[in-house]
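Visitor: sequence below, structure please.
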Amino acid sequence: MDFWLNNTLTGQKERLYAADGDTLRFYCCGPTVYGPAHIGNFRTFVLQDVFRRVAEATGLATRHVRNVTDVDDKTIRGSREAGQSLSDFTDQWRKRFEDDADALNLLVPEVTPSAVENIPEQIEMIAILLEKGLAYQAKDGSVYYRVSAFKDYGKLSGLQRDAMETNADGRLNEEDEAVKEDQADFVLWKAWKEEDGENKWDSPWGPGRPGWHIECSAMSTKYLGKSFDLHSGGVDLIFPHHENEIAQSEGCTGETFVRHWFHVAHLQIDGGKMSKSLGNLYTLDDVQEKGFTAEELRYVLLSGHYRQPLSFSWDSLHAAQAALKRLRKFKSLLGDLPKEPQALGRFEPALAALADDLNTSKALGQLFAVVGDLEKDPSVITEEDRSGFAVLMFAFGFELLEPEAAPVGEAPEEVKTLAQQRWEAKQNKDWAAADDLRDKITAAGWTVKDAKDGFELLPN
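Guide: Here you go, the predicted model:
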């Protein structure tokens, strides 16, 4: 089965294939590790995971690279405010991201490089751009990309030159503006300043650190080659980040950087973007504290088409809870599933929907249509149907494990009893009783924290 996906660069749906005839090589812009990733971030990561799973389910071998941004303005500022070294600060948030990704059942990329680990490669790329006249050193010691020297700038985003006002973080900065040749130019190497503290690296242009955009160009090139198959991120990265990656990479190598661009629309709340700066974000912990599982959140995040904004609500999690409960029951009806499924049986239309521009909402509809038919008459279920269901569960990334209460620690027996009653109330969807029991637990000096498959009790 062929896999077709919209290409942001061309605006057309195109068939995915491995240019080297062997492995589909793709790069995903990963987290900036200065705090917990919110569920809006994870919409992109979940859809990228589904993309990889569908590619593999349709017969494509993959090589997946997802970076970690562990040096930029936010990580440096956060580490200094916390009184920690940059590495200690970012390591804790990297682990938090990886734990959340594991809970959401994201496949682990083959390579997860960090920006700090690859500073030599970034310096090498900047040197080539300077040699070619595509970059220049400003009077403050920083190095900037000369946008006017790259004739194809804007080909991904479609923005005109007079609309481009950007620096390394995608915002116009008056201090940078004073030293740049042109307001559209962006930083490749940021000269060290006192507020950076000990966070500096030596370079031919003096101590400093790389700009955000050059990090991804260097890492993707190092691990996937000068030209590779697909690059992905949220729609907010189209400009300036991905536009700048193209300019840097193609300016450096003279080759096409990426053939196919895959962008995921935002998760919205109250009709607007979910973000830390707006103060309206939720993390996986917030979702679990409300009594929902990571798998239920995964279901919500992939339930809408990736090119359309998705509105988040707690009601959508209740719907996901019911849908997954039905799938678990149906899995029990099927019995043992094959360990290496191949055939699709009646579930072929659902995989075909996923292979047609990753239409997850249509695929879920196709999935439940077949489930409904087979629930009515289990006697017609075939081995191909069992295989097809297994393929679909892999493609969606659903494990369908039964939620179970977790150990409750050393809380007093009366508090453990309240916690167990609350757990049972949640399973029965008696939310008022569950909230009342939580209040009683809090009054007793304990906090109940919901986990992936249950809960634990912690002292206040």
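Visitor: from memory S361 sits against Y306, does it?
Guide: No. S361 lies out of contact with Y306 (Cβ atoms under 8 Å); the separation is 9.7 Å. Any C-beta I mention is one placed from the backbone N, CA and C, and that applies to glycine too.
Visitor: give me the more crowded residue out of those two.
Guide: Y306 (27 against 15; other Cβ atoms under 10 Å).
Visitor: give me the pLDDT for the more buried one.
Guide: pLDDT, Y306: 98.
Visitor: equivalent analysis for Q427, please.
Guide: At Q427, pLDDT is 83.
Visitor: contacts only, for it.
Guide: When contacts are counted by Cβ atoms under 8 Å, 6 or more residues apart in numbering, Q427 touches P403.
Visitor: separation between it and A319?
Guide: 16 Å (Cβ to Cβ, to the nearest Å).
Visitor: next: Q268.
Guide: From Q268 to A319 the distance is 17 Å (Cβ to Cβ).
Visitor: with neighbour numbers in mind, choose between those two.
Guide: Q268 (17 against 14).
Visitor: next, give phi and psi for the nearest residue to A247 once chain neighbours are set aside.
Guide: Spatial nearest neighbour of A247, chain neighbours left out: F150 (4.6 Å); criterion: Cβ to Cβ, 6 or more residues apart in numbering. Backbone torsions of F150, given as degrees, to the nearest 10, read phi -110, psi 100.
Visitor: so F150 touches S249, yeah?
Guide: No. Checked against Cβ under 8 Å, the pair F150 and S249 is beyond contact range at 10.7 Å.
Visitor: so the two - more neighbours on which side?
Guide: S249 (26 against 18).
Visitor: which SS class is the more buried one?
Guide: Secondary structure, DSSP: H, G, I helix; E, B strand; the rest coil: S249 is helix.
Visitor: pull the contacting residues for it.
Guide: Contacts of S249 (Cβ under 8 Å, 6+ apart): 217, 220-221, 226, 257.
Visitor: tally of neighbours for K95?
Guide: 11.
Visitor: with just CA atoms, put the one helix or strand it maps to into PDB.
Guide: Here K95 sits within helix 86-103, counting by DSSP states H and E. Output in PDB follows, covering the C-alpha atoms of helix 86-103 (Å, rounded to 0.1, in the frame of the first residue of the first chain):
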ATOM      1  CA  LEU A  86      23.000  24.100  32.000                       C
ATOM      2  CA  SER A  87      23.500  20.400  31.700                       C
ATOM      3  CA  ASP A  88      21.900  19.600  35.100                       C
ATOM      4  CA  PHE A  89      19.000  21.800  34.300                       C
ATOM      5  CA  THR A  90      18.300  20.500  30.800                       C
ATOM      6  CA  ASP A  91      18.900  16.800  31.800                       C
ATOM      7  CA  GLN A  92      16.000  16.800  34.300                       C
ATOM      8  CA  TRP A  93      13.600  18.300  31.700                       C
ATOM      9  CA  ARG A  94      14.900  15.900  29.000                       C
ATOM     10  CA  LYS A  95      14.100  13.000  31.300                       C
ATOM     11  CA  ARG A  96      10.700  14.400  32.000                       C
ATOM     12  CA  PHE A  97      10.000  14.600  28.300                       C
ATOM     13  CA  GLU A  98      11.200  11.100  27.700                       C
ATOM     14  CA  ASP A  99       9.100   9.800  30.500                       C
ATOM     15  CA  ASP A 100       6.000  11.500  29.100                       C
ATOM     16  CA  ALA A 101       6.800  10.300  25.600                       C
ATOM     17  CA  ASP A 102       7.100   6.700  26.900                       C
ATOM     18  CA  ALA A 103       3.800   7.000  28.800                       C
END
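Visitor: that helix: how far from the chain's middle?
Guide: 14 Å (Cα atoms, centre = their mean, to the nearest Å).
Visitor: now stretch 298-306
Guide: Worked out by Cα atoms, centre = their mean, stretch 298-306 lies 13 Å from the chain centre.
Visitor: quick one: contacts of that stretch?
Guide: Residues outside stretch 298-306 that contact it (Cβ under 8 Å, 6+ apart): 39, 42-43, 46-47, 50, 104-105, 264-265, 267, 310, 312, 316-317, 320, 323-324, 357-361, 364, 396-398.
Visitor: okay, buried residues for it please.
Guide: Neighbour counts using 16 or more other Cβ atoms under 10 Å place 298-302, 304-306 of stretch 298-306 among the buried residues.
Visitor: narrow these to those in helices?
Guide: 298-302 (DSSP state H).
Visitor: TSV for those, including pLDDT?
Guide: Shown next, in TSV, are those (pLDDT from 0 to 100):
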residue	pLDDT
R298	98
Y299	98
V300	98
L301	98
L302	98
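Visitor: which stretches in the stretch 51-200 of the chain count as strands?
Guide: For the stretch 51-200 of the chain, strands defined by DSSP state E, counting those that start in this stretch occupy the ranges 61-66, 135-137, 143-145, 186-191.
Visitor: quick one: closest of those strands to K290.
Guide: Counting by Cβ to Cβ, K290 lies closest to strand 61-66 out of those; the figure is 28.0 Å.
Visitor: can you tell me the closest non-neighbouring residue to L334?
Guide: Using Cβ to Cβ, 6+ apart and skipping the chain neighbours, the partner closest in space to L334 is R386 (5.2 Å).
Visitor: does the one you found touch F330 like I think?
Guide: No. Using Cβ under 8 Å, R386 makes no contact with F330, being 11.0 Å away.
Visitor: residues in contact with A411?
Guide: 419, 446, 457, 459.
Visitor: surely it is within a strand?
Guide: No. A411 is assigned coil when assessed by three-state DSSP, not a strand.
Visitor: L458 touches W446, doesn't it?
Guide: Yes. L458 is within contact range of W446, at 6.8 Å (criterion: Cβ under 8 Å).
Visitor: helices or strands up against the helix or strand K13 falls within?
Guide: Using DSSP H and E, K13 maps to strand 12-15. Applying 3 or more Cβ pairs under 8 Å, 6 or more residues apart in numbering; DSSP states H and E, one finds that strand 12-15 contacts strand 4-7.
Visitor: what residues does the strand it packs on touch?
Guide: Identification of contacts with strand 4-7 by Cβ under 8 Å, 6+ apart yields 12-16, 51, 259-262, 307, 355-358.
Visitor: where in this protein is the helix or strand with the lowest mean pLDDT?
Guide: Least confident element among the helices and strands of the chain, by mean pLDDT, DSSP states H and E: helix 174-177 (a mean of 55).
Visitor: re earlier: just the buried subset of the contacts of stretch 298-306, please.
Guide: Buried by 16+ other Cβ under 10 Å: 39, 42-43, 46-47, 50, 104-105, 264-265, 267, 310, 312, 316-317, 320, 323-324, 357-360, 364, 396-398, out of the contacts of stretch 298-306.
Visitor: narrow those residues to those in helices?
Guide: Counting by DSSP H, those contribute 39, 42-43, 46-47, 50, 316-317, 320, 323-324, 360, 364, 396 to helices.
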